[in-house]
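[1] Could you work out the structure for the sequence below:
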Amino acid sequence: MAAGKSLSDDTKQMKEIEINNKHLKKHNALFEKDGDRLRLLQPTEAVQRAEKRKLECNLSADRNIWRRFIGEANCIPFVNCKASQTGRLTVGIEYETSPDSSALFWLSPLQTAGKQHPYLYSQCEPIHARSFVPCQDSPGVKFPYTAKVTVLKEFVVLMSALQQSSNVCRSNSSKMEFFFKQPVPIPSYLIAIVVGDLASRNIGPRSKVWSETEFLDKAAFEFSETEEMLKVAENLMGPYVWSQYDLVVLPPSFPYGGMENPCLTFVTPTLLAGDKSLANVIAHEISHSWTGNLVTNSTFEHFWLNEGHTTFVERKICAKLGCGEPLRNLLGMIGKKSWADYVNNPNTKPNFTRLVPELKGVSPDDSFSSVPYEKGYALLYYLEDLVGGPEVFEPFLKAYIEHFKYHSINSHQWKEFLLSYFTEKGKGSALRRVNWNDWFFETGMPAVPISYQSCLADACQQLSEIWCSTGDSNFGQFSSSDLDQFSTPQTLEFLNQLMEQDPFSLTKIAHMESAYHLFSQGNSEILFRWLRLCLRAKWNKCIPHAVSFINKQGRLKFLLPIYELLYQWEDTRQLAIDNFQEHKEEMHNLAVTKISKMLKLT
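    Predicted coordinates for the structure are as follows:
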């Protein structure tokens, strides 16, 4: 059982509050005005507006009012109900979630690393918070929150908020109470909770990493550079306002690489490569503390404002802590490949290749892709070059955050501020050549060619060309030392180069495995690309490795392409379907929905 409150501050007469909910049950509404509480129990006046799936109720101080929720959008109208001198009317709603909640994922003990206790985690982005709490489930609405969570003593509770205290429950000594406060206004999709058998380790002056004990040592090592990343991000975008920056390594079923919940970033265990080579994901989630969490897209049509800026800052952080601009451009090349793959996929809807797509009547889950990340990044990279480079453009990032912090905005507001800022700096003429309509609304790749040049890619290109030009003999020239000299981004770019060519012969793909031992890779990004190359070549030996890979983790970025290749290969099509049916109960519901569609099961 949980409780939520929505506050409306308005000195004018209030007409209604509209809230979103889905898969919530057992509702009583409490209406509290300046301490005089009404418990609304009996039905007195309710008119259903069928066409909008809403219920209307008249409220007055001397009546009991019946409330229940239907569908996802419901109105609480206020008749002759005016906010008092304090300007505050508090609406409290008692509710209970259901097993069908799309935001909450309940794991059995066998689905955890420790195998002893159940586990709960949430994923509210983009529009699933309504199945967790009744709320105005739009990124255009922000609010602070407090929470009290009661659990059995063997569990730890974490939320996207600062823990205020915890204590043994007075009424039941077998339970613990955890108290949380998020003072910074956030959109509903950033509400988050984790409950499990969790332990923590300090990894910096304002950071801990949390996980089941089985992952803790690996996680503490992998994410030990978190504070350095935070400092670089602050230099780029201003003070970190959230006080604490913790991470929690979730069970393998988590469908994303990371989720930027304030104060508590969620990450997938697929980042635990053993050599910190996938820590760029942490740089990405840290960047969201400003671009996304502090300044938020007002609707998910403008999702690129979150993800394009965040990818832009992420790569700047990696460059400043690594090999500079050559590394940033190499990361851009790698990202552009995934973006082009999506755009060129015949199953991709053209609307979803727009930077600002039309999402009326469309679930934002269906439009999720690399486009807002990489097309957004490409636009910012292009603009940076137009105005004079990083030294000129980076101060804009800090000014942008300062101007819009705590607000939700759209692309047009962003554009107007950008033009105003650079006009004041004497750079307005440089932006006159930008075709904003093409960038925002045209489908496909941008009309302006975006090229990322990096000397770090030269060796990758050279090695890929040697492999492609070698016939089914003379493989003695290749050895593990070829890749030993590469960084992880270089290895990824090498494999990306091969993906752009025709599938290898079985002989060649087998010799590549003999030379590089890629099946034993601890880096999930490298293994993912290698498995795709092998499946394209229709190499039987890779099938058990591919199946093992998709069964060990639930990251959508990996699951969908591997399942798609298994389905496209006639010899493994039924295997893909059977394996999915066997393991779908272990997957996140978002993964189940997307894979079901791809396998033509729904």
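[2] Tell me, how many residues neighbour the closest residue to Glu564 other than its chain neighbours?
    The shortest distance from Glu564 to any residue other than its chain neighbours is 5.8 Å, reached at Met598 (CB to CB, 6 or more residues apart in numbering). The way it works is simple: take the backbone N, C-alpha and C, and place the C-beta from them, glycine included. As a burial measure, the neighbour count of Met598 was computed by other CB atoms under 10 Å and equals 18.
[3] Now the phi/psi pair for Met598, please.
    phi -70, psi -40 (degrees, to the nearest 10).
[4] and if you look at Leu250?
    Backbone geometry at Leu250, expressed as degrees, to the nearest 10, gives phi -90, psi 170.
[5] which other helices and strands contact the longest helix belonging to the chain?
    Among all segments of the chain classified by DSSP state H, the helix with the greatest residue count is helix 325-344. For helix 325-344, the helices and strands in contact under the criterion 3 or more CB pairs under 8 Å, 6 or more residues apart in numbering; DSSP states H and E are helix 304-321, helix 371-387, helix 488-499.
[6] Dump the C-alpha coordinates for the helix or strand that that helix is followed by into CSV.
    Where DSSP states H and E defines the elements, the next helix or strand beyond helix 325-344 is helix 364-367. Included here for helix 364-367 are C-alpha records, laid out as CSV according to Å, rounded to 0.1, in the frame of the first residue of the first chain:
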residue,chain,number,x,y,z
PRO,A,364,7.0,7.1,-26.5
ASP,A,365,8.2,3.6,-25.9
ASP,A,366,7.5,2.8,-29.5
SER,A,367,9.7,5.7,-30.8
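[7] Return the set of buried residues in helix 364-367.
    Neighbour-count burial for helix 364-367, with 16 or more other CB atoms under 10 Å as criterion, is recorded at 364, 367.
[8] So for this protein, which residue is the most central one in space?
    To find the centre residue of the chain, average its C-alpha atoms and take the closest one (CA atoms, centre = their mean): that gives Met259, at 4.3 Å.
[9] and that one, what are its bridge partners?
    Met259 has these beta-bridge partners by DSSP bridges: Phe266.
[10] who's in contact with it?
    Contacts for Met259 (CB atoms under 8 Å, 6 or more residues apart in numbering) come out as 123, 125, 192, 265-267, 285.
[11] Let's see that with 10 Å instead.
    If a contact means CB atoms under 10 Å, 6 or more residues apart in numbering, then Met259 has 121-125, 160, 189-190, 192, 248, 250, 265-268, 285, 288 as its contacts.
[12] returning to what we had before: compare the helices and strands packed on helix 325-344 and report which one is nearest to Gly204.
    Using CB to CB as the criterion, the shortest distance between Gly204 and the helices and strands packed on helix 325-344 is 14.3 Å, found for helix 304-321.
[13] Remind me what the closest one packs against, helices and strands.
    Secondary structure elements in contact with helix 304-321, counted by 3 or more CB pairs under 10 Å, 6 or more residues apart in numbering; DSSP states H and E, are helix 226-237, helix 280-287, strand 295-297, helix 325-344, helix 371-387, helix 390-404, helix 411-424.
[14] Mind doing that once more with 6 Å?
    Helix 304-321 sits against helix 226-237, helix 280-287, helix 325-344, helix 371-387, with contacts defined as 3 or more CB pairs under 6 Å, 6 or more residues apart in numbering; DSSP states H and E.
[15] in the stretch 351-500 of the chain, which ranges drop under the pLDDT threshold?
    Low-confidence segments of the stretch 351-500 of the chain, defined by pLDDT under 70, are absent; every residue clears the threshold.
[16] no no, the chain
    The low-confidence ranges in the chain, as defined by pLDDT under 70, are 1-19, 25-92.
[17] circling back to that earlier point, just give me how far the longest helix of the chain sits from the chain centre.
    Centre-to-centre, helix 325-344 and its host chain are 19 Å apart (CA atoms, centre = their mean, to the nearest Å).
[18] Quick check: buried residues in it?
    325-339, 341-343.
[19] likewise stretch 369-389?
    Buried residues in stretch 369-389 (16+ other CB under 10 Å): 369-381, 383-384, 386-387.
[20] Count the residues that sit near the nearest residue to Pro187 once chain neighbours are set aside.
    Nearest-residue entry for Pro187: Pro139, 4.2 Å, with adjacent residues in sequence omitted and distances by CB to CB, 6+ apart. Residues near Pro139, counting by other CB under 10 Å, number 25.
[21] Over to Phe352?
    Phe352: 19 neighbours (other CB under 10 Å).
[22] That one reaches Ser367, doesn't it?
    Yes: when contacts are counted by CB atoms under 6 Å, Phe352 is listed as touching Ser367 (4.8 Å).
[23] If you count contacts, what does the longest strand along the chain end up packed against?
    What stands out as the longest strand in the chain, according to DSSP state E, is strand 175-187. With contacts defined as 3+ CB pairs under 6 Å, 6+ apart, strand 175-187 has these neighbours: strand 142-152, strand 162-168.
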